[in-house]
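Engineer: Make a model of this:
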Amino acid sequence: MELSSMLGACSSFALAFSLICQSGIASAAVVVPGENELIEGGSQNNLPFKDYNGRYQQVYASSEFGSDPLSISAIAFRINDLSSGFLDTTFTNMTVNLSTSANTAGSLSSTFADNIGTDAQNVYSGDLILSGTGGAGPNPFDVTITFQTAFVYNPAGGDLLLEIFNPNNISLQEGTAFDAVSDSNVMQRVYDLEGGVSSESGTTDDLNFGLVTQFETTTVVPLPAALPLFGAGLLGLIGISRRKKAA
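Structural biologist: Numbering: from 1, shown residues only. Purely as a prediction, here's the structure:
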C-alpha cells in the first residue's frame, strides 16, 4: 500500500473511530424510579402541566442511570391510574433544560439557580403538543417531549436536573393527573406557584415528591472501551501494507 493511500485509510479510520466514540451502541428506556416502571407510583400531581404557570425543577438520582454516559433524546410521563387522559393540547412557548445538578436528590435548594449545573443545555424550546392516555393503569408513558437537541449525561458527574418553564395555565380534562411518587429517595422537586416563569425561588417538598419519568437514552461508547477497536483496526491496516510490500 502506498504511503498516501495508507494515510488516507488511516484518516478515514480515525474519522470512523471518532464517530463511534460519539455515537450510541444501545438504546434503552430508563424509568425513574426504576421500581415503578411496571407499577403505579402511588400518588398523583399536575405540575408542571395542568393549571400551572411557572418554573419547575425535578432532580433524579444518578444511581438510577447506571455508570455509562448517556445521550438523552426524550422524556415521557404517564397519566395516573384511573385518572382521565387528555387529547392533543398545545402548550405554547415551553422551555425544557437539562443539566448535571449542582445538588442531589434530597438536598435541592429553594433557589432555582443554585441547582443548575455548569453543563446546562436547552433541549426544547417552542410550542409543544401533548396528550395522554387515561384509565386503569399503569398507563403508557405517552406524555412525551421529544428533544430538539439531545443531552449527553454522565451519571458519574452527579444527579440529573430537569427544568421546565411553562408560561401556560391550561385546564386539562377534569380528573386528569400524572403518576407521581412521594417520599422518594431518588427524586425531589422545586416549584413556584406565584411568580411565573421568571421566578428565582420556589418550594421544595418535604417528602421528595416527583413525577414518575421515562427517559429515552442511548449509551455513549466510553473511550477506554473503544480504544481496542481503534488499535485492532490500525494493526489491520499495517498488516495489509506489509503483505502488499512482500508481494
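Engineer: Show me the shaky parts of the protein.
Structural biologist: Judged by pLDDT under 70, the chain has its weakly predicted residues at 1-24, 222-247.
Engineer: Tell me how many other residues crowd residue 92.
Structural biologist: 11 (other Cβ atoms under 10 Å). Just so you know, the C-beta spots here come from the backbone N, C-alpha and C atoms, and that holds for glycine as well.
Engineer: thought it was touching residue 168?
Structural biologist: Yes. Contact criterion Cβ atoms under 8 Å: residue 92 and residue 168 qualify, at 6.2 Å.
Engineer: separation between the residue positioned nearest the centre of the chain and residue 163?
Structural biologist: Nearest to the mean C-alpha position of the chain, counting by Cα atoms, centre = their mean, stands residue 72 at 4.4 Å. Using Cβ to Cβ, to the nearest Å, one gets 14 Å for the distance from residue 72 to residue 163.
Engineer: Spell out which residues are contacts of both of the two.
Structural biologist: residue 98 (Cβ atoms under 8 Å, 6 or more residues apart in numbering).
Engineer: So which residues of this protein form strands?
Structural biologist: If DSSP state E is used as the criterion, the strands of the chain fall at 24-32, 43-45, 54-60, 70-77, 86-100, 121-132, 143-153, 160-166, 178-181, 187-191, 203-204, 210-211, 213-220.
Engineer: Redo the ones you listed as CSV? Include distance to residue 107.
Structural biologist: Output for those, formatted as CSV (distance: least, Cβ to Cβ, whole Å):
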stretch, distance to residue 107
strand 24-32, 17
strand 43-45, 21
strand 54-60, 9
strand 70-77, 22
strand 86-100, 15
strand 121-132, 22
strand 143-153, 19
strand 160-166, 12
strand 178-181, 18
strand 187-191, 8
strand 203-204, 9
strand 210-211, 14
strand 213-220, 19
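Engineer: For residue 51, grab the count of nearby residues.
Structural biologist: 13.
Engineer: hang on, I meant residue 149
Structural biologist: There are 11 residues near residue 149, going by other Cβ under 10 Å.
Engineer: swap in residue 171?
Structural biologist: Counted with other Cβ under 10 Å, residue 171 comes out at 11.
Engineer: show me the residues around it that make contact.
Structural biologist: Here residue 171 is in contact with 50, 51 (criterion: Cβ under 8 Å, 6+ apart).
Engineer: repeat that for 10 Å
Structural biologist: 46, 50, 51, 89 (Cβ atoms under 10 Å, 6 or more residues apart in numbering).
Engineer: Give me the nearest residue to the first one, chain neighbours excluded.
Structural biologist: Meaning residue 46. residue 177 (5.9 Å; Cβ to Cβ, 6 or more residues apart in numbering).
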